[in-house]
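# sharing a model that was predicted from the sequence below.
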Amino acid sequence: MILAAGQASRIGKAKMLLPYKDKTILEKIVDEVLPLDPNRITIVTGHYHQEIKSIIHNPIVMLVHNAGYQKGMSSSIQTGLKAMQEQCPDLQFLFILVADQPFLDQALLQKMIQLHKETKKGLVAASYEGVSGTPLLLAAKYFDKLYQLEGDKGARAILHQYPDDLALVDFELGWLDIDTESDYARFCEIIKTGNAD
């Protein structure tokens, strides 16, 4: 599940559709997910539904519009999960990704899947700058907990509740998400120079 429903009020435009080389950030994230051969890729849209719909044309990708996106991230997670469970009733685990972490890549996701297999932990999260968060891999036993989230709380709240069932993977550039023009400028500079310090 890729969360792309927000209004991006701080930057004032569809941040997930900002250019990343010859594509958009959102297309790049989809490209990183595809090699994992997932049962389903669901993008939860909201404010920029039409703009995203005009760009994403892959038949394996399902767009789910969250009409209540203004209620916060929890409503987008719940809208996406409901749609995914309708399509795949035996869904065993789920990745939750956000559309504004441009350095998310296939290698990181593969590492998370491997750690899940090795440790049998029900929660595998990325870790950066002392924070654990997205991308996040959850086993099906936590799906009910996702439906209990409220407001703008993401799945991070669940990580704090079950620390004994949590494994972490270092995501060095996970700290960079695109919320402002200066974030995007910083991102472009890193891409240009290859300097992530």
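Arrived safely, thanks for sending. Just so you know, these numbers come straight off a predicted model, no measurement behind them.

# the longest strand anywhere in the chain - contacts with which helices or strands?
Scanning the chain for the strand with the most residues, using DSSP state E, yields strand 131-139. Packed against strand 131-139 by the contact rule (3 or more C-beta pairs under 8 Å, 6 or more residues apart in numbering; DSSP states H and E) you find strand 93-98, helix 106-119, strand 123-128, helix 156-161. Just so you know, the C-beta spots here come from the backbone N, C-alpha and C atoms, and that holds for glycine as well.

# spatially central residue in the protein, please.
Centroid-nearest residue in the chain: L97, 1.1 Å away (criterion: C-alpha atoms, centre = their mean).

# wait, isn't it in contact with T134?
Yes. Using C-beta atoms under 8 Å, L97 makes contact with T134 at a distance of 6.1 Å.

# quick check: angle from the host helix or strand of K82 to strand 93-98?
For K82, the element it lies in under DSSP states H and E is helix 73-87. If you take axes from the mean of the first three to the mean of the last three C-alpha atoms, to 10 degrees, helix 73-87 sits at 140 degrees to strand 93-98.

# and of the helices and strands packed on strand 131-139, who's closest to F171?
strand 123-128 (3.8 Å; C-beta to C-beta).

# now that closest one against strand 131-139, angle please.
160 degrees.

# dump strand 123-128 to PDB, restricted to CA.
Presented in PDB, the C-alpha positions along strand 123-128 are these (Å, rounded to 0.1, in the frame of the first residue of the first chain):
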ATOM      1  CA  LEU A 123       6.400  -6.000  12.500                       C
ATOM      2  CA  VAL A 124       9.400  -4.900  10.500                       C
ATOM      3  CA  ALA A 125      10.000  -1.100  10.200                       C
ATOM      4  CA  ALA A 126      12.600   1.200   8.800                       C
ATOM      5  CA  SER A 127      14.800   3.100  11.200                       C
ATOM      6  CA  TYR A 128      16.400   6.500  10.700                       C
END
